[in-house]
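J.: missing the sequence, but the structure's below:
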């Protein structure tokens, strides 16, 4: 039986070879969508990508010496050096990733959002055209960290009138009764009371979002970034979170055509939070 050339499925130009491996977790299951980065001896990126559903990848590179880094959410990065020769396959075989130690959690107690180092933004599609990017400039919030953390709570209040997409006519329209109706509903509020650890630095925070006079259950897909120290040495914690809202769920369903030349947003909106919190000096979280 003729032996199959391992490079048969890889296009390799002259003076090139290929490298591959399969990425496994500690119980030898494939790690889907792990990311790999191949760099040269100077640290310059050569090629990058992700593993397939079986945890594998194969890529062609010019013959030479390389460094390979493999990373995946919830796992410690894997790094190694290797040599790829012309017309050959440099195979690392199975690479097993170790589970990463999760970042240290904040101490129990009340922590408040620091607006100067935080942002609440959104992205929405302009009907038939490009995406609109905006933010809310006024917000405040407190997170009550419990022991265990899964029993924590949070309360965030956003000033609806502070919406800002950098276009005055559009912002005035978004504040009007057609959309947010800020005169009747001046705030957007989120009460989170269910913290679920999803592994590594990933958490799901579920709670009630009140917007435009309607309350719906919303889950924030959250990445906890850990603890750090500010310029004056104060302890702070940071996280990023995202969720997707549908305007019709909150009766924000203005559908007039663009005859008046006013830009409107599409039916779904992606919310992105980048938050730093510091220990609250005094007082309790708002009820």
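T.: Everything's here; your move. As the structure is a prediction and not an experimental result, all values here were calculated from the model.
J.: low-confidence stretches in this structure?
T.: Low-confidence segments of the chain (pLDDT under 70): 1-11, 125-130, 231, 247-267, 282-287.
J.: domain-wise, how is it divided?
T.: Per automatic domain parsing, the structural domains of the chain span 16-96, 109-279.
J.: tabulate those domains (a markdown table), appending distance to residue 103 and mean neighbour count.
T.: The C-beta positions use only the backbone N, C-alpha and C, and glycine is treated the same way. Below are the domains of the chain laid out as a markdown table (distance: least, CB to CB, whole Å; neighbours: other CB atoms under 10 Å):
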| stretch | distance to residue 103 | mean neighbour count |
| --- | --- | --- |
| domain 16-96 | 12 | 15 |
| domain 109-279 | 3 | 16 |
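J.: between these, which one is nearest to residue 102?
T.: Closest to residue 102 of these is domain 109-279 (CB to CB; 5.9 Å).
J.: what about that closest one, how long is it end to end?
T.: With CA to CA, to the nearest Å applied, domain 109-279 spans 8 Å between its terminal residues.
J.: hang on, isn't residue 19 packed against residue 90?
T.: Yes - contact criterion CB atoms under 8 Å: residue 19 and residue 90 qualify, at 4.3 Å.
J.: overlap in contacts, those two.
T.: When contacts are counted by CB atoms under 8 Å, 6 or more residues apart in numbering, residue 19 and residue 90 have 82, 84 as shared neighbours.
J.: residue 70 reaches residue 23, doesn't it?
T.: Yes - here residue 70 reaches residue 23: they are 5.8 Å apart, a contact under CB under 8 Å.
J.: need the residues touching each of the two.
T.: Residues touching both residue 70 and residue 23 (CB under 8 Å, 6+ apart): 34, 78, 95, 97.
J.: quick one: residues contacting residue 16.
T.: 60, 61, 62, 63, 84, 86, 87.
J.: please tell me how far the second one sits from residue 34.
T.: I take that to be residue 61. Relative to residue 34, residue 61 is positioned 18 Å away (CB to CB, to the nearest Å).
J.: ok, now which ones touch residue 275?
T.: Listed by CB under 8 Å, 6+ apart, the contact set of residue 275 reads 113, 118, 119, 141, 238, 239, 240, 241.
J.: the same query, at a cut-off of 6 Å, please.
T.: 113, 118, 239 (CB atoms under 6 Å, 6 or more residues apart in numbering).
J.: out of these, list just those in strands.
T.: If you go by DSSP state E, the contacts of residue 275 have 113, 239 in strands.
J.: looking at the contacts of residue 275, which one is closest to residue 278?
T.: For the contacts of residue 275, the nearest to residue 278 is residue 113 (8.5 Å; CB to CB).
J.: doesn't residue 141 make contact with that closest one?
T.: Yes - under the criterion of CB atoms under 6 Å, residue 113 makes contact with residue 141 at 4.2 Å.
J.: contacts only, for the closest residue to residue 239 other than its chain neighbours.
T.: Here the nearest residue to residue 239 in space, its sequence neighbours aside, is residue 224; by CB to CB, 6 or more residues apart in numbering that works out to 4.9 Å. Counting by CB under 6 Å, 6+ apart, residue 224 makes contact with 103, 201, 203, 239.
J.: name the SS class of the third one, please.
T.: What DSSP: H, G, I helix; E, B strand; the rest coil gives for residue 203 is strand.
J.: so who does it touch?
T.: 197, 222, 224.
J.: now do the helices in this protein.
T.: For the chain, the helices defined by DSSP state H cover 168-175.
J.: if we can go back for a sec, of the contacts of residue 275, just say which sits nearest to residue 215.
T.: Nearest to residue 215, judged by CB to CB, of these is residue 113 at 21.1 Å.
J.: just list whatever residues bridge to that closest one.
T.: Beta-bridge partners for residue 113, by DSSP bridges, are residue 277.
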